[in-house]
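> turn this into a model:
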Amino acid sequence: MANGVVIVGTGHGGVQVAASLRDEGYDGPLVLLGDDAELPYHKPPLSKTFIKDDKAEPQILRAESFYTSHNIDLRLGERALRIEGKRIALENGNSLEFDTLVLATGARPRALSVPGAEFNNVMPLRNIVDARRIREAARSAEDVVVIGGGFIGLEIAATLKAGGRKVTVVEVQSRVLARGVSQAIASHVQRRLADTGVDVRADVGIARIAGSNGVASGVELVDGHLIPASLVIVGVGVVPNIELAQSAGIAISNGIKIDDAMRTSRSDILAIGDVANFRHWMTGGDVRLESVQNATDQARCAAKTIVGKPVGYDAVPWFWSDIGDMKLQMVGLVGREDRQIVAGSPDENRFSVFHFAAKRLIAIESVNRPADHMIGRRVLATDYQPDFDSLSQNPDGLKAAFAEWQSTSR
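Just a heads-up that it's a prediction; the model follows:
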């Protein structure tokens, strides 16, 4: 009897691989394995609605009945240790054999390497266990320091500030969201948070976390200033979970190296999502994207590869974040732009930035302008290229111009 497909990782990507395999007609053995003991759930709400509402429950990805009705062997709370040939050794002493393996192992929070980082009230956020700890600790916390000005850190900062805490964000880079968005968006977010009372301190390092008896009482900066803290949230990036791939001798470079069909350097092992590094069609460079969209789209691509219908991965990347009263939506990849057009009004907290490189539209970043985001996803998926000069004269005219192009190109 065939050993079938084993998927390691029960996040968005892993669950989507299982679902897509059944949609593609695969009817063989299918195991979905993860070390998280909870029924697979949505992770984006953890930094927002979940930690502010004591009664909130995890938002599950699929009902438990889905897995049974689709003959998916869901194994929760089981940790994979290593790959030995066509076999996965588990922490509980058991093992699983496979014909095809999918690594959807994601990433883990990067550890903070300063004295005091081990204190009990110093917490990262990656899963539901972390979110419950933060929610519980936040009930009695008055002074909160968030170390790291990325999406997760700023989402938590805005949420806890709205709940009445005094919140300080400390970022070692010269600005917040240094990896995620352009300077224009980052500056707006930083100003908006400051206006709500969040103390954002960028371009500053941390010397240690002060405290005693296993409990933090403050964060000391390299300049000697001590910020009081009864709760410290750590959000200084993530590290891809590559250990299983390494045990199998698979090629690694800032994640697991994959081709455009999600195959690793071992043809019987695929990888997707936060852990996967691939040559992106938009930039021509290698990237590792940390987003739900990328994980789920790559999952669908992996399923096609497994059933013998491989397609090159060409999904348009898009992202989102809710930070206080700002709905951030990004489509495309920034960092290569040489010209920008702004539509809307930053003063009204509703605007978009259109990014061009060598006269080509490469990305749109929006704050509370969802229509721009949606048209951007459609435009960047086609060969249409809006004219920079025309768009600069009428930044709200992209939808009409795109519709005209579609009508004439049929």
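> please make it C-alpha for all contacts and neighbour counts, starting now.
Noted.
> helices and strands around the helix ranked longest in the chain, which ones?
Longest helix in the chain, counting residues (DSSP state H): helix 292-306. Under the contact definition 3 or more C-alpha pairs under 8 Å, 6 or more residues apart in numbering; DSSP states H and E, helix 292-306 sits against helix 12-23, strand 318-323.
> what segments of this protein are helices?
Per DSSP H, the chain carries helices over the ranges 12-23, 49-52, 64-69, 128-138, 151-162, 183-195, 243-247, 292-306, 370-379, 388-393, 398-409.
> with only the CA atoms kept, save the first one in PDB.
It stands for helix 12-23. Extracted as PDB, the C-alpha positions of helix 12-23 are listed here (Å, rounded to 0.1, in the frame of the first residue of the first chain):
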ATOM      1  CA  HIS A  12      -2.700  28.200   6.700                       C
ATOM      2  CA  GLY A  13      -0.400  26.700   4.200                       C
ATOM      3  CA  GLY A  14      -0.400  23.100   5.500                       C
ATOM      4  CA  VAL A  15      -4.200  23.000   5.700                       C
ATOM      5  CA  GLN A  16      -4.600  24.500   2.200                       C
ATOM      6  CA  VAL A  17      -2.300  21.800   0.800                       C
ATOM      7  CA  ALA A  18      -4.500  19.100   2.200                       C
ATOM      8  CA  ALA A  19      -7.700  20.700   1.000                       C
ATOM      9  CA  SER A  20      -6.300  21.400  -2.400                       C
ATOM     10  CA  LEU A  21      -5.000  17.800  -2.900                       C
ATOM     11  CA  ARG A  22      -8.500  16.500  -2.400                       C
ATOM     12  CA  ASP A  23      -9.900  19.300  -4.700                       C
END
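> residues contacting it, please?
Contacting residues not belonging to helix 12-23 are listed as 7-9, 30, 32, 40-42, 61, 70, 72, 102-104, 272-273, 292, 295-296, 298-300, 302-304, 306-307 [C-alpha atoms under 8 Å, 6 or more residues apart in numbering].
> buried subset of those as a ChimeraX selection?
Entered in ChimeraX, the line below selects the buried ones among the contacts of helix 12-23, by 16 or more other C-alpha atoms under 10 Å:
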select :7,8,9,30,32,40,41,42,61,72,102,103,104,272,273,292,295,296,298,299,300,302,303,304,306
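> quick one: contacts for the residue nearest to Ala162 when sequence neighbours are not counted?
Nearest in space to Ala162, with sequence neighbours left out and distances taken as C-alpha to C-alpha, 6 or more residues apart in numbering, is Gly324 at 7.8 Å. The contact partners of Gly324, by C-alpha under 8 Å, 6+ apart, come to 155, 158-159, 162, 193.
> turn the helices of the chain into CSV, columns for distance to Glu118.
Formatted as CSV, the helices of the chain follow (distance: least, C-alpha to C-alpha, whole Å):
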stretch, distance to Glu118
helix 12-23, 30
helix 49-52, 22
helix 64-69, 36
helix 128-138, 14
helix 151-162, 19
helix 183-195, 28
helix 243-247, 23
helix 292-306, 30
helix 370-379, 41
helix 388-393, 51
helix 398-409, 51
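> so which of these gets nearest Pro346?
Shortest distance between Pro346 and the helices of the chain, using C-alpha to C-alpha, is found for helix 183-195: 7.3 Å.
> strands of the stretch 201-350 of the chain, residue ranges please.
Using DSSP state E, counting those that start in this stretch, the strands found in the stretch 201-350 of the chain span residues 206-212, 215-221, 226-228, 231-234, 238-240, 256-257, 269-271, 276-279, 286-287, 318-323, 326-332, 339-345, 350-357.
> which strands or helices does the fourth one pack on?
For strand 231-234, the contact count by 3+ C-alpha pairs under 8 Å, 6+ apart identifies strand 122-124, strand 143-147, strand 215-221 as packing neighbours.
> ok, which of those comes nearest Phe354?
Nearest of these to Phe354, taken as C-alpha to C-alpha: strand 143-147 at 30.2 Å.
> cool, thanks, signing off.
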